[in-house]
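Visitor: pasting the structure only:
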Ligand SMILES: C[S@@+](CC[C@H](N)C(=O)[O-])C[C@H]1O[C@@H](n2cnc3c(N)ncnc32)[C@H](O)[C@@H]1O
């Protein structure tokens, strides 16, 4: 299904706004609405639970890290569109998703609903689920805390959530880790909202990964501060 989608030119077409030009002052709002509509419509057409599926598809197109047989942990997975992509791209692998909210079942994925990744009880459950599966290949975090209305506070809260996930596999004393990330080609992909704490967090990640790239997929809303940090080569 996804191969067809990737070949369909959706990413190439998405910023073609040639029909019915808006008045000058409304251009930004027009562009934002058009791109949102196109990804939302495509998500419906391809039975994705959310338009965010296209963010993961695009990042994977760039870095090619989802492949058959791998183990993937998806933190903040509701409603489940990233898990849908993972299951499709990684046959014969293992996908574990968790979220604060209830997540409807997805064939081929193991899901922990009503699960807060910051809770030590939930971290123990994650460890339990993964302990006989060897190392984890890919850790995804598309988490978004409820916004407070203050962008700096929201930014710092999200960075802290990402740090929590990073610590699940990166403590020096591996006995304390919830699971082990593959030292060969382990990938960590997390969403942040841009702000003052980005530089420090990128430095922390760079200490443990040989490559850290900041990406903004086409499906991100134009005006949003949303960015993704793609980290590969866990040391
Ligand atoms: C943007 S949605 C994720 C969308 C998902 N990637 C998809 O494609 O369907 C963000 C999710 O993060 C979850 N979340 C926020 N804080 C969390 C936490 N502490 N533990 C687990 N999930 C959390 C929210 O409940 C929300 O469902």
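Guide: Perfect, thanks for sending it. Everything numeric here is computed off the predicted structure, so don't read it as measured data.

Visitor: contacts made by stretch 164-177 with the rest, please.
Guide: Outside of stretch 164-177, the residues that reach it under the criterion Cβ atoms under 8 Å, 6 or more residues apart in numbering are 75, 117-118, 123, 126, 136, 139, 141, 143, 178-181, 186, 188, 190, 204-205, 208, 234. In this view, the C-beta of every residue, glycine as well, is placed from N, C-alpha and C.

Visitor: show me what contacts the residue lying closest to residue 92 once chain neighbours are set aside?
Guide: Leaving aside its chain neighbours, residue 92 sits nearest to residue 69 (4.9 Å; criterion: Cβ to Cβ, 6 or more residues apart in numbering). Shown in contact with residue 69 (Cβ under 8 Å, 6+ apart): 90-93.

Visitor: just residue 138 next, same as before
Guide: 65-66, 70-73, 186-189.

Visitor: would you quantify the distance from the most centrally placed residue in the chain to residue 121?
Guide: Centroid-nearest residue in the chain, with Cα atoms, centre = their mean: residue 142, separated by 3.8 Å. As defined by Cβ to Cβ, to the nearest Å, residue 142 lies at a distance of 22 Å from residue 121.

Visitor: could you do residue 102 as well?
Guide: 18 Å.

Visitor: and for residue 187?
Guide: Per Cβ to Cβ, residue 187 is found 27 Å from residue 121.

Visitor: next one: residue 198
Guide: 30 Å.

Visitor: burial count for residue 222?
Guide: 15 (other Cβ atoms under 10 Å).

Visitor: which strand is the longest one in this structure?
Guide: strand 226-234 (DSSP state E).

Visitor: pLDDT on that strand, on average?
Guide: Strand 226-234 shows a mean pLDDT of 96.

Visitor: give me phi/psi at the residue in the chain that the ligand sits nearest to?
Guide: Nearest residue of the chain to the ligand, counting by Cβ to the nearest ligand atom: residue 76, 2.9 Å away. For residue 76, the backbone dihedrals (degrees, to the nearest 10) come out as phi 80, psi 50.

Visitor: which non-adjacent residue is nearest it?
Guide: In space, and not counting its chain neighbours, residue 76 is closest to residue 143: 3.2 Å by Cβ to Cβ, 6+ apart.

Visitor: phi and psi next, for that neighbour.
Guide: Main-chain torsions, residue 143, degrees, to the nearest 10: phi -60, psi 150.

Visitor: got a list of what it touches?
Guide: Neighbouring residues of residue 143 by Cβ under 8 Å, 6+ apart: 75-76, 117, 158, 161-162, 165, 190-191.

Visitor: could you do residue 186 as well?
Guide: For residue 186, the contacting residues are 135-139, 169, 232-234, by Cβ under 8 Å, 6+ apart.

Visitor: 6 Å - rerun?
Guide: Going by Cβ atoms under 6 Å, 6 or more residues apart in numbering, residue 186 touches residue 234.

Visitor: and for residue 101?
Guide: Residue 101 neighbours (Cβ under 6 Å, 6+ apart): residue 78.
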